[in-house]
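1. model the following, please.
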Amino acid sequence: QVQLVESGGGLVQTGGSLRLSCAASGRTFGSFAMGWFRQAPGKEREFVAAITRSGGATSFADSVQGRFIISRDNGKNTVYLQMNDLKPEDTALYYCAAQFGMYGSRRSADYSYWGQGTQVTVSS
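-> Residues are numbered from 1 along each chain as shown. Sure, this is the predicted structure:
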């Protein structure tokens, strides 16, 4: 069992930056690949970024490639999402998720554990 708690969301102007954190409980954090997803009002949940359980490889949605960075600290049981050059279309509820195994999937159905989400709002 893994419990995930996101933090770091907020209101930021276009072009600004935010850093989201996701703290995981349990001693098996290093067994899970981690992902970030987001859901805007009236839209489906979409993939944002994923990182392997070792942190050695990452993947990003095309819409955030080059602006967002995902990282993890297995010693602190935490995964991060650094978001730069934010745009109004990045406004959404951001979720972190854990997938048992080495590689992070882009499919939300592959993740077993989810946090409650943290709101990111980008004003124009």
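2. against Ser124, how distant is the residue nearest in space to the middle of the chain?
-> Per CA atoms, centre = their mean, the C-alpha nearest to the average position across the chain is that of Trp36, at 2.4 Å. Distance of Trp36 to Ser124, computed by CB to CB, to the nearest Å: 23 Å. All C-beta atoms are positioned from the backbone trio N, CA, C, and that covers glycine.
3. sec struct for the residue nearest to the centre of the chain, please.
-> Recorded secondary structure, Trp36: strand (DSSP: H, G, I helix; E, B strand; the rest coil).
4. for it, what are its contacts?
-> Counting by CB atoms under 8 Å, 6 or more residues apart in numbering, Trp36 makes contact with Leu20, Cys22, Val48, Ala49, Ala50, Ile70, Val79, Leu81, Tyr94, Tyr95, Cys96, Ala97.
5. how about 7 Å then?
-> Neighbouring residues of Trp36 by CB atoms under 7 Å, 6 or more residues apart in numbering: Val48, Ala49, Ile70, Leu81, Tyr94, Cys96.
6. relative to Ser25, how far out is the first one?
-> To tie it back to what came earlier, the one meant is Val48. Distance, Val48 to Ser25, using CB to CB: 22 Å.
7. shouldn't Ser71 be in contact with Tyr80?
-> Yes - here Ser71 reaches Tyr80: they are 4.9 Å apart, a contact under CB atoms under 7 Å.
8. rewinding a little: between Val48 and Ser25, point out the one with more neighbours.
-> It is Val48, of Val48 and Ser25, that has more neighbours when counted by other CB atoms under 10 Å, with 25 against 13.
9. give the residue spans of this structure that score low on pLDDT.
-> The model of the chain has pLDDT under 70 over residues 27.
10. just the CA coordinates of stretch 110-124, formatted as PDB?
-> Taking Å, rounded to 0.1, in the frame of the first residue of the first chain, the C-alpha atoms of stretch 110-124 are listed here in PDB:
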ATOM      1  CA  ASP A 110      -1.600   1.300 -15.400                       C
ATOM      2  CA  TYR A 111      -1.200   3.200 -12.100                       C
ATOM      3  CA  SER A 112      -2.400   1.600  -8.900                       C
ATOM      4  CA  TYR A 113      -2.100   4.500  -6.400                       C
ATOM      5  CA  TRP A 114      -3.200   8.100  -6.700                       C
ATOM      6  CA  GLY A 115      -2.900  11.200  -4.600                       C
ATOM      7  CA  GLN A 116      -5.800  13.700  -4.100                       C
ATOM      8  CA  GLY A 117      -4.300  16.300  -6.400                       C
ATOM      9  CA  THR A 118      -3.100  19.800  -6.100                       C
ATOM     10  CA  GLN A 119      -4.600  22.800  -8.000                       C
ATOM     11  CA  VAL A 120      -2.500  24.800 -10.500                       C
ATOM     12  CA  THR A 121      -4.000  27.900 -11.900                       C
ATOM     13  CA  VAL A 122      -2.100  30.000 -14.500                       C
ATOM     14  CA  SER A 123      -3.500  33.500 -15.100                       C
ATOM     15  CA  SER A 124      -3.100  35.200 -18.400                       C
END
